[in-house]
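Here is my input, please return the structure:
(4 chains)
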Protein chains: 2
Amino acid sequence: MPSPAALMQTPVAPKRLRGRPRKTVDERDDGNRRQAVLTGAAGLFRRKGFAATTTRDIAAAAGMQSGSPFYHFKSKSALLYAVMEEGMHAALARQRVALGAASVEDQSPAAQLRKLVQVHFEVLLGPGNDFVPVMLYEWRSLQPGQRKALAALVAEYESLWTPVLLALQTAGQLQAPVGLSRLLILGALNWSVQWFDARKGASVNGLTDAAMALFLKEA
Amino acid sequence: MPSPAALMQTPVAPKRLRGRPRKTVDERDDGNRRQAVLTGAAGLFRRKGFAATTTRDIAAAAGMQSGSPFYHFKSKSALLYAVMEEGMHAALARQRVALGAASVEDQSPAAQLRKLVQVHFEVLLGPGNDFVPVMLYEWRSLQPGQRKALAALVAEYESLWTPVLLALQTAGQLQAPVGLSRLLILGALNWSVQWFDARKGASVNGLTDAAMALFLKEA
DNA sequence: CCTACCGATCGGTAGG
DNA sequence: CCTACCGATCGGTAGG
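Predicted structure coming up:
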């Protein structure tokens, strides 16, 4: 999910300024190149892990020299955080669109869970979607302050699931306690990152069907 | 699960030999100290990850100097493999004991699944059981040849689950396809490594109950 | 298993 | 964003 800035091609030459405009550390946004660093880092972090990825790897993936990623991000650690934050924002946005503007009462709880599960699989397994897997599997590589900031986004994401699971429990379609159900269900989905192979005939739709059949009792 | 050798205290002085007996590279077994390296490495690999753990960290955890782990293991990578192999052997042994010498027909499929789930949780979450979590979360840190060797043990472990899930499907207690069910169920369990906190009142028994209630339909 | 060490690599920076 | 570089650290080893 490239940001709008990333969709622009090389920006036209600035009208009056000579050289590059030097923005403050907090609001650097060179669009294209910054996004290239971010996307390259996400792919490498996912495939090799954060600690095993060097900033030189990342630079090369973005077609830059070894010191250049530090023009866009003040440290390797800040880059990891940016990857995860982008992943969570994208996931939240996609779930909100999927659940629709309509209120929770418009669809059956089972249909709502199906949407949540399907979009979750897409966010995890879709082509180029490395951001959320990095967030899931590199949590321990974050610094404590970063962890705390991201935990708020994670809680927001989980809060989309709780009312749906609660409704299913009331309807008798979910037998386990809601809190543990959510942890177990999301675990089952998250683990798919380890084994899913789109080339092997598996599809997100088939996966979603299987998950629903596994977790839910008849209405 | 310390090996028998690790349960011995400092060995008595050898009767006749002067200095330490120098074994060949392939069969070094100094008991105590080797196991200390292995256990320390497992804990560090689990907490910090393989790439973020230095061989100096491991040496310090075992109370050695920085170069000494290489007396017991020929490389950091070989140490990772040894941790995982020990984890898988212990897990397989525990499951076989739990399923008992009796044949598969002696208990209901649901009771057998319960055993598998409970022992799996214990292997993952029990105190000092860092070996299998390392195996689960550091798979990508292995070299291709190591991965292939371990895959055989993993397949053996999974083969304990398949007949049980098949029987449950036949009985109508499991609705999803057996292959996907196994992947989703093991994923749900494996993910508990990320959130389980024994201090917070959660227990392996409670977790097992919840998992069974979530996955199985009424008989 | 310790001492002493090596070559390579790493995250990060100054200056342009 | 590149050039050129630095100090620190890392996996691993020779020799005892």
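
residues near the single nearest residue of chain A relative to DNA strand C, how many?
The minimum distance from chain A to DNA strand C, using Cβ to the nearest atom of the strand, falls at residue A:67 (2.5 Å). Every residue, glycine included, has its C-beta placed from N, CA and C. Residue A:67: 10 surrounding residues under other Cβ atoms under 10 Å in any protein chain shown.

Can you classify it as helix, strand or coil?
What DSSP: H, G, I helix; E, B strand; the rest coil gives for residue A:67 is coil.

How about it, nearest residue that isn't a chain neighbour?
In space, and not counting its chain neighbours, residue A:67 is closest to residue A:59: 7.6 Å by Cβ to Cβ, 6 or more residues apart in numbering or on different chains.

Ok, residue A:89 next?
Closest residue to residue A:89 apart from its sequence neighbours, by Cβ to Cβ, 6+ apart: residue A:153 at 7.3 Å.

How much space separates the one you found from chain B?
16 Å (Cβ to the nearest Cβ, to the nearest Å).

where's that residue, which helix or strand?
If you go by DSSP states H and E, residue A:153 is part of helix A:144-159.

helices or strands next to that helix in the packing?
helix A:76-99 (3 or more Cβ pairs under 8 Å, 6 or more residues apart in numbering or on different chains; DSSP states H and E).

Briefly note if the helix it packs on comes near DNA strand D.
No. Contact of helix A:76-99 with DNA strand D (Cβ under 7 Å from any atom of the strand) is absent, the minimum separation being 12.4 Å.

quick one on the thing from earlier: can you give me the neighbour number for the residue nearest to residue A:89?
So residue A:153, with other Cβ under 10 Å, has 17 neighbours.

One more: residue A:106?
When neighbours are defined as other Cβ under 10 Å, residue A:106 has 11 of them.

Would you quantify the distance from it to residue A:112?
Separation of residue A:106 from residue A:112 (Cβ to Cβ, to the nearest Å): 9 Å.

Find me the pLDDT at residue A:119, would you?
We have a pLDDT of 98 for residue A:119.

nearest spatial neighbour of residue A:92, skipping sequence neighbours?
Leaving aside its chain neighbours, residue A:92 sits nearest to residue A:157 (5.8 Å; criterion: Cβ to Cβ, 6+ apart).

That neighbour touches residue A:94, doesn't it?
No. Judged on Cβ atoms under 8 Å, residue A:157 makes no contact with residue A:94 at a distance of 10.6 Å.

element containing the residue nearest to residue A:67?
helix A:55-61.

Which positions within that helix qualify as buried?
By neighbour count on 16 or more other Cβ atoms under 10 Å in any protein chain shown, the buried set for helix A:55-61 is A:55, A:57, A:58, A:59, A:61.

give the contact list for the third one.
Under the criterion of Cβ atoms under 8 Å, 6 or more residues apart in numbering or on different chains, the contact partners of residue A:58 comprise A:37, A:40, A:41, A:44, A:69, A:79.

count of neighbours near the closest residue to it other than its chain neighbours?
Take residue A:58 and drop its neighbours on the chain: the residue closest to it by Cβ to Cβ, 6+ apart is residue A:41, 4.8 Å away. Other residues near residue A:41 number 28, with proximity taken as other Cβ under 10 Å.
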